[in-house]
Structures are given as C-alpha cells and as structure tokens.
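**Q** Build me a model from this:
(2 chains)
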Amino acid sequence: MISTILIIGGGQAGAQAIDTLRREGFGGRLVLIGDEPELPYQRPPLSKKFLSGEMAADRLLFRHRSFYDEHRVELRLGRRAVRLDPAARQVELADGETLAYDRLLLCLGAQSRRLTCPGAALAGVHYLRGLADVPPIQAGFKPGAKVLIIGGGYIGLETAATCRKMGCEVTVLEMADRVMNRVVAPSVSQYFAGEHGTHGVAIICDTRVIRLEGAGRVERVVCADGSDHAADLVIVGVGAVATTELASAAGLACDNGIVVDEYCRTSDPAIYAAGDCTNHPSLRFGRRVRLESVDNAFEQAKTAALNMLDRAVAHDRVPWFWSDQFDNKLLIVGLSQDYDAQVLRGDPASRSFSVCYLKGRELLAVEAVNHSKDYMAARKLIAERALLRVDRLADSELALKDAI
Amino acid sequence: MPRIVFTDSGGRRLEINAPLGITLMEAARQHGVPGVVAQCGGACACATCHVYIDPAWLAKLQPREDMEEGMLESAWEPRDNSRLSCQIHITADLDGLEVTVPERQRET
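**A** So this is what the prediction gives:
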C-alpha cells in the first residue's frame, strides 16, 4: 500500500509529477521538497522575457498556491534534503526534519558548471540557473555596460540577446570554432552568429578564458592568446552537470546522472528519478542519454508518476528543444548523433530553413530555424521511423511531411 | 477582468476571469482548465495548448503568425477556428470569449 510519496525538487519535473499523481487518483500523502523558496516555476524565461523584465514573476509559476492547497500537497520549500536512507525509506532535511516515504521521486535537476580559472570567484561573475540569479544580473543592466559572456551555447546566446536588448555592450567568448557547436549544424551556427552580429553582439570563437582580473570585482577577462576584454559584468554559460550528490551518497547507481530504466526506476525499487538529473535509455535511439530539456522533464515525470502508482508505462519519446534569440526561434527535434548525411532545406538568407539529419533513409533529427512546419512534421516522422525520399528532401517546396 | 468561457469536448462549461496582460493559455493554466497542457509554457514550440475559438470571436483576435500556422498544421484535429492559446493575449474586448478545448492534444 503506497500511502506517502515524497518528491525532491520543485522544478518542471516535480510540478508535473504532482499534477499526474493527483489526476491519476493518488489520494495519499504527497510532499514536495525544494531547496528554492519559490513555488515551482518555469526556467526557460529566465534568460529571455523574465531577464528583460517583460514577464512578471507570478507568470513564471506553473500553478498558484491555491492549486497545492486544493490538491493537498505539503510544501517544504526553501528546505534542502541532505540525506537519503533507502534502507529506512527516509529523507532528512537540513533543519533536521525526517520524512518517511513509500515511494520517492528525485527531480534534482542540473547545476551550472562552474568556472575554475583564477578570478572565477570575483564579484560580478554570474551564473544563470534559478530565479535568485536574475536580480544581480539585472542590477548591472545599464546602457553601455560591458557584459562579457563566457560560452556560446543556448544560455550564453539567449542571455547575450537579452542583454543587448537592454542596451548593454555584449561580447560572447566561445572556446570552439563556432557557437552552439555541440547542438546544431554549422549552417545553423553561422545563421545565429550572423543574427547576433547584426544586432551588435560581438562573438569571438576559438578563444579560451584563462583568468579573470579585478580589484575585488571583475574588470577584465584574459584569454589564452593574450587578448583581454574589459567587463562590468560576466555571465558564465559553460554547460551544466546533473545533480546527483544525494543519490550517490545513498548508494544509488549514478553515471553522468542518476541511472534509471525506461520506467524511471533507479537502482532502488522504491526510488524513481526524472528530468535533467537522469541518465536514461532512449528507446527510439537505442542508447543511454542525459537531456537538459523541459520536454524530457515533463514526460519522464509523467512516466515516473504512473509507474509509482504501479501502472507499467515506459518512457519512449523523441526529445525536442527550443531556443529564442532576438526574433528567431530555433526548434530542434530528435538526436543528431550517428547520422550519415545532413540535408539543408530552404535558404538561410530567407530567415526560415531547416537541417535534416539522416541515417540511410531514416530521419534522426531536424533543426528548424523559424520553420515550425518542418519541425512539427519531423516530430511525427522521427517517432514513426519513417523512411524518407532522400532524393527530394532538399526541395523545400515539397513539405517535409510529404517526403515519404 | 474579462470573462472567458471554456467548453470541453464533453460539453462541460467552465467560466473563468482572465487578468489582462497574460495569454489565454496562462489564464487557462492558472484556473486548471483541463486539456490545456501547454508543455513549453508559451514558447510556440509544442502545440499542446491548442483550442477552438467560437467563430464569432475570430475577427477580434490578432491573426495567426507563420510560426503558429505551422504548429497548428500538426495539432490534434486542427480546424479553421484553431488557435494556440499561448499566442492570444487577453484584452478587454475579449470579455465573453467562447473557447472549446479539443478532445486531446498531440502527443508526438
């Protein structure tokens, strides 16, 4: 008999699990433990409309407080879980409270990878992960303020676009030879670099930061080639690492994330995990993955919730991602590793195009720039393992959905 | 606050008061309107906040932009009066708006 379910982590996955558990009829005790003080909120706007001030904080919330009251969810917010005892089925919080569970769901998320070079701890060096990270960055928004962004990935580029809109002078330093090199094709990198250039963001690739300098507060960023860049504000976006300390200390299997099976079960039968913190099997792509994605957090949380209620449902989804930079929307679906051909559809100069990744005739992934039709068609085609008419794929007059 | 009437596929009606300045999707989510999933939170990236607008009200809305048009093409059973509710901003002249929630949202 499952009478108590604990959820640790109040992000996308935690919020969704509550929704599914109550919707599916779980009537027992339901407790949400989160180390941030806020009710569960959406993170994607933090680098975009929330950072720019266009979106108020209450619009970030998934649900207002009344929802949690009505659904009898006990909230332990601003409280950190410090110890997990799988044998006793107990979780201990930093303030000493101990909570027992029948089923536990870990939605621990990921945390910003920290810079380790000299000067990394200077004031004025920021990361962007949670709500609390935003006001100190906004305080530095002054017309002409020099913002230096380390890392040209999603977070770095979205933040660069927002800072530029707020009137700052923005420079992005990227270690690789192009922006977003781990997630998109060269033509997409080139398009976005061009968009940033048009809006006045300076992007410098092939450059490695070796030191931050300043008298107590960061003033300069020094690179390996000897160049240095003046900075009033530094924002670091160099990736994220899965949060696994609680799980690994409790003896759960961890390997670049908490290891779960397709039912979101960890190595302990009473403990499940969902979202950015998991290393999980992708059934569609036949390998283990760790994804940083709203969609994956949402879907795994649903799956975990159903399995905690003993409905055997496997997580079998094609992942998708998006990024907004200036007035451009990048939509990505699928996983592009292991492809043997890339096909460009449309002309980047038209500001709407896509890149298809193929293995033989099978579509693995699509990156769509301002092109929702190809993106939506691809979601279906990839899930169905459709075989495409590769010879006609480059003809952008032919709808992708009809290229089968 | 404008009053919005949601009807689900079974004919059940739910009236809500929607604050100005947010989107129809956000208003639906705040009030827990069943069937408006809104997985991406309003980024026009998932097509799971798809609704049908009473045709009498369509002219009061800003027309669909290209991105929304492309998303709707693959939504669950799109019709001429389909919209993504995340792309509709609540304004005073939407008082009384009638919205129908589809039987389901797309899943792939």
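
**Q** The chain: helices as residue ranges?
**A** Went with chain A since none was named. Counting by DSSP state H, chain A has helices at residues A:12-23, A:65-70, A:134-138, A:154-165, A:186-198, A:245-249, A:294-308, A:372-383.

**Q** actually it's chain B I care about, not the one you picked
**A** Secondary structure of chain B by DSSP H: the helices cover B:24-30, B:66-73.

**Q** Switch those over to a markdown table; also include distance to chain A, mean neighbour count and mean pLDDT.
**A** Just so you know, the C-beta spots here come from the backbone N, C-alpha and C atoms, and that holds for glycine as well. Converted to a markdown table, the helices of chain B look like this (distance: least, Cβ to the nearest Cβ, whole Å; neighbours: other Cβ atoms under 10 Å in any protein chain shown; pLDDT from 0 to 100):
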| stretch | distance to chain A | mean neighbour count | mean pLDDT |
| --- | --- | --- | --- |
| helix B:24-30 | 6 | 25 | 93 |
| helix B:66-73 | 3 | 20 | 94 |
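
**Q** So which of those is nearest A:Gly167?
**A** helix B:66-73 (26.9 Å; Cβ to Cβ).

**Q** And the contacts of stretch B:56-70?
**A** Contacts to stretch B:56-70, defined as Cβ atoms under 8 Å, 6 or more residues apart in numbering or on different chains, come from residues A:329, A:352, A:370-373, A:375-376, B:44, B:53, B:72, B:81, B:83-84, B:87-89, B:93-94, B:97-98.

**Q** residues near A:Glu262, how many?
**A** 16 (other Cβ atoms under 10 Å in any protein chain shown).

**Q** ok, now A:Asp347?
**A** Neighbour count for A:Asp347, taken as other Cβ under 10 Å: 10.

**Q** coming back round to it: save the helices of chain B as TSV, and put in distance to A:Asp69 too.
**A** Supplementary listing: the helices of chain B in TSV, determined by distance: least, Cβ to Cβ, whole Å:
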stretch	distance to A:Asp69
helix B:24-30	14
helix B:66-73	34
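
**Q** For ChimeraX, write a command that selects the buried ones of the contacts of stretch B:56-70.
**A** Buried members of these, defined by 16 or more other Cβ atoms under 10 Å in any protein chain shown, are picked up in ChimeraX with:
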select /A:329,352,370,371,372,373,375,376 /B:44,53,72,83,84,87,88,94,97
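
**Q** Take the contacts of stretch B:56-70 and keep only those in strands.
**A** Among the contacts of stretch B:56-70, the residues falling in strands (DSSP state E) are A:Lys329, B:Ile53, B:Arg83, B:Leu84, B:Leu97, B:Glu98.

**Q** For A:His280, see how far away the residue nearest to A:Asp276 when sequence neighbours are not counted is.
**A** The spatial neighbour of A:Asp276 that comes closest, neighbours along the chain excluded (Cβ to Cβ, 6 or more residues apart in numbering or on different chains), is A:Ala110 at 4.1 Å. Between A:Ala110 and A:His280 the distance is 14 Å, computed by Cβ to Cβ, to the nearest Å.

**Q** just A:Glu97 next, same as before
**A** For A:Glu97 relative to A:His280 (Cβ to Cβ), the value is 30 Å.

**Q** Check the chain and tell me which residue is nearest its centre.
**A** All of this is about chain A. Nearest to the centroid of the C-alpha atoms of chain A, with distances taken as Cα atoms, centre = their mean, sits A:Glu292, at 3.6 Å.

**Q** Let me rephrase: I mean chain B.
**A** By Cα atoms, centre = their mean, the most central residue of chain B is B:Ser85, 2.9 Å off.

**Q** was I right about that residue contacting B:Tyr52?
**A** No - with contacts defined as Cβ atoms under 8 Å, B:Ser85 does not count as touching B:Tyr52, sitting 10.2 Å away.

**Q** Mutual contacts of the two, please.
**A** Taking Cβ under 8 Å, 6+ apart as the contact criterion, the common neighbours of B:Ser85 and B:Tyr52 are B:Val99.

**Q** Could you measure from the closest residue to B:Asp80 other than its chain neighbours over to A:Leu128?
**A** Distances taken as Cβ to Cβ, 6+ apart place B:Pro55 nearest to B:Asp80, at 7.8 Å, with adjacent residues excluded. The spacing between B:Pro55 and A:Leu128, counted by Cβ to Cβ, is 43 Å.

**Q** if I pick the closest residue to chain B within chain A, what's in contact with it?
**A** As assessed by Cβ to the nearest Cβ, chain B sits closest to A:Ser372 within chain A, at 3.2 Å. Listed by Cβ under 8 Å, 6+ apart, the contact set of A:Ser372 reads A:Lys329, A:Leu331, B:Cys44, B:Asp66, B:Met67, B:Glu68, B:Glu69, B:Gly70, B:Met71.

**Q** Pick out the most distant pair among those.
**A** Greatest spacing in those, by Cβ to Cβ: A:Leu331 and B:Glu69 (14.1 Å).

**Q** Show me which residues of chain B sit near chain A.
**A** B:22, B:26, B:29-30, B:32, B:39-41, B:43-47, B:66-71, B:73-74, B:108 (Cβ under 8 Å from any Cβ of the partner chain).

**Q** who in chain A is up against chain B?
**A** Counting by Cβ under 8 Å from any Cβ, the residues of chain A lying close to chain B are A:42, A:44-45, A:59, A:62-64, A:67, A:294-295, A:298, A:317-318, A:320, A:322, A:324, A:329, A:331, A:352, A:370-373, A:375-377, A:379-380, A:383-384, A:401.

**Q** What subset of those residues is buried?
**A** A:42, A:44-45, A:59, A:62-63, A:67, A:294-295, A:298, A:317-318, A:320, A:322, A:324, A:329, A:331, A:352, A:370-373, A:375-377, A:379-380, A:383, A:401.

**Q** circling back: which of B:Pro55 and A:Leu128 has more residues huddled nearby?
**A** Between B:Pro55 and A:Leu128, counting by other Cβ under 10 Å, A:Leu128 is the more crowded of the two (21 against 11).

**Q** any idea of the pLDDT on B:Ala43?
**A** At B:Ala43, the model reports a pLDDT of 94.

**Q** How about it: what's its closest non-neighbour residue?
**A** Closest residue in space to B:Ala43, ignoring its immediate chain neighbours: A:Trp322 at 5.6 Å, by Cβ to Cβ, 6+ apart.

**Q** you'd agree that neighbour is up against A:Asn328?
**A** No - with contact defined as Cβ under 8 Å, A:Trp322 and A:Asn328 do not form a contacting pair (10.7 Å).

**Q** From B:Glu69, how far out is the closest residue to A:Thr171 other than its chain neighbours?
**A** Spatially, and ignoring its direct neighbours in sequence, A:Thr171 is nearest to A:Ala202 (4.4 Å; Cβ to Cβ, 6+ apart). Distance of A:Ala202 to B:Glu69, computed by Cβ to Cβ: 35 Å.

**Q** what does A:Cys356 give?
**A** When distance is defined by Cβ to Cβ, A:Cys356 is 21 Å away from B:Glu69.

**Q** how about the strands of the stretch 201-350 of chain A, start to end?
**A** Ranges of strands in the stretch 201-350 of chain A, per DSSP state E, counting those that start in this stretch, are A:202-204, A:209-213, A:220-223, A:228-230, A:233-236, A:240-242, A:258-259, A:271-273, A:278-282, A:287-289, A:320-325, A:328-334, A:341-345.
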